[in-house]
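*Asks:* Okay, here's the prediction I keep looking at, along with the sequence it came from:
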Amino acid sequence: MAEISQNPVVIVPGVLFWDSLYEVMRDALSEWIPKEKIAIAPVSLLDWIGMPPSPERSTNSVMAALDRTVRQMAAKFPGEPVTIVAHSGGGTVAMIYLLQHSFQGDVYQVNGMVGKLVTLGTPFHTHEHFAKIKTDFIFKHLDPDFFSRYPVVSVVSDRYQGALDSGFTEKLCYLFYRGVTDEGNLPGDGVVPAKSCFLQGAENVTIPDCEHVPAPHTRWYGTKEGVAQWIEWL
């Protein structure tokens, strides 16, 4: 295995997930990186939903939490560019943050604070309404030089095959995948089809044995077994 980067890490929760669920990922990463160099953006379920409900504004709330955490880590470890590790829809939020174009009135000056983005099960190609608001913005503003400024590694598992003519798990995966793309007979991580995460210009990495949802007793991207499959790309 290649030498693991020791730069500080900021973890971004996925859509409808919250910060405390990612303590297990922080613990797993601390086997390779000092724990004090790993922070979780303080994101709550309310940040994703809004009050009153306004999920179209969730990106702005989560970007604000991400920016605060990146600045704290950059100040704590000067001269060490932060690596953002973003799960699921948190990955598209992180991309918008790094694009540094006004999104619904908010823009952040990232400059040299961030060195890399690693996304875990992030669909960059989707027809889901609120996710598409983000991905449409990304592809509108993404330029070829972006990846030279901020290298992106898009990680996704292909553990589960979607299929209507098979067992219960395969049928469920088929329905989840159809909610993201127009196809269900695809491999993916149980929620997101792998091919929806492939981003031109990024380093696209497919791993064999991870689940999408950060639930107890699952081998999702943030468990010790999950992190071990992608840690070399950190």
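*Replies:* Okay, I see it. Residues are numbered from 1 along each chain as shown.

*Asks:* Show me which residues of stretch 204-218 are buried.
*Replies:* Of the residues in stretch 204-218, those scored as buried under the neighbour-count criterion (16 or more other CB atoms under 10 Å) are Asn204, Val205, Thr206, Ile207, Cys210, Glu211, His212, Val213, Pro214. For the C-beta atoms, the positions are set from N, CA and C on the backbone; glycine is no exception.

*Asks:* Equivalent analysis for stretch 31-51, please.
*Replies:* Residues of stretch 31-51 classed as buried by neighbour count (16+ other CB under 10 Å): Trp32, Ile33, Lys37, Ile38, Ala39, Ile40, Ala41, Pro42, Val43, Asp47, Trp48, Ile49.

*Asks:* which residues touch the closest residue to the first one other than its chain neighbours?
*Replies:* The spatially closest residue to Trp32, leaving aside those adjacent along the chain, is Ile4, at 4.6 Å (CB to CB, 6 or more residues apart in numbering). Neighbouring residues of Ile4 by CB atoms under 8 Å, 6 or more residues apart in numbering: Trp32, Ile33, Ile231, Glu232, Leu234.

*Asks:* again with Ser61
*Replies:* Each residue near Ser61 by CB under 8 Å, 6+ apart is listed here: Val43, Asp47, Trp48, Gly50.

*Asks:* secondary structure class for the first one?
*Replies:* I take that to be Val43. Of the three states, Val43 takes coil according to DSSP: H, G, I helix; E, B strand; the rest coil.

*Asks:* surely it meets Leu21?
*Replies:* No: with contact defined as CB atoms under 8 Å, Val43 and Leu21 do not form a contacting pair (9.8 Å).

*Asks:* The longest helix along the chain: which residues count as buried?
*Replies:* Residue-count comparison of every helix in the chain, with assignments taken from DSSP state H, identifies helix 58-76 as the longest. Of the residues in helix 58-76, 58-67, 69-70, 73-74 count as buried by neighbour count, 16+ other CB under 10 Å.

*Asks:* hang on, Phe124 is in a helix, isn't it?
*Replies:* No: the assignment for Phe124, made by three-state DSSP, is coil rather than a helix.

*Asks:* quick one, helices of this structure?
*Replies:* All helices of the chain, identified by DSSP H, fall at 23-29, 45-49, 58-76, 90-99, 129-141, 146-149, 168-180, 224-230.

*Asks:* Quick one: residues contacting Ser154.
*Replies:* Gly91, Thr119, Thr122, Phe124, Cys197, Phe198, Leu199, Ala202, Glu203, Asn204, Val205.

*Asks:* bridging residues for it?
*Replies:* When assigned by DSSP bridges, Ser154 has beta-bridge partners Thr119, Asn204.

*Asks:* how far away is it from Gly226?
*Replies:* From Ser154 over to Gly226 the distance is 15 Å, taken as CB to CB, to the nearest Å.

*Asks:* ok, now Ser88?
*Replies:* For Ser88 relative to Gly226 (CB to CB), the value is 13 Å.
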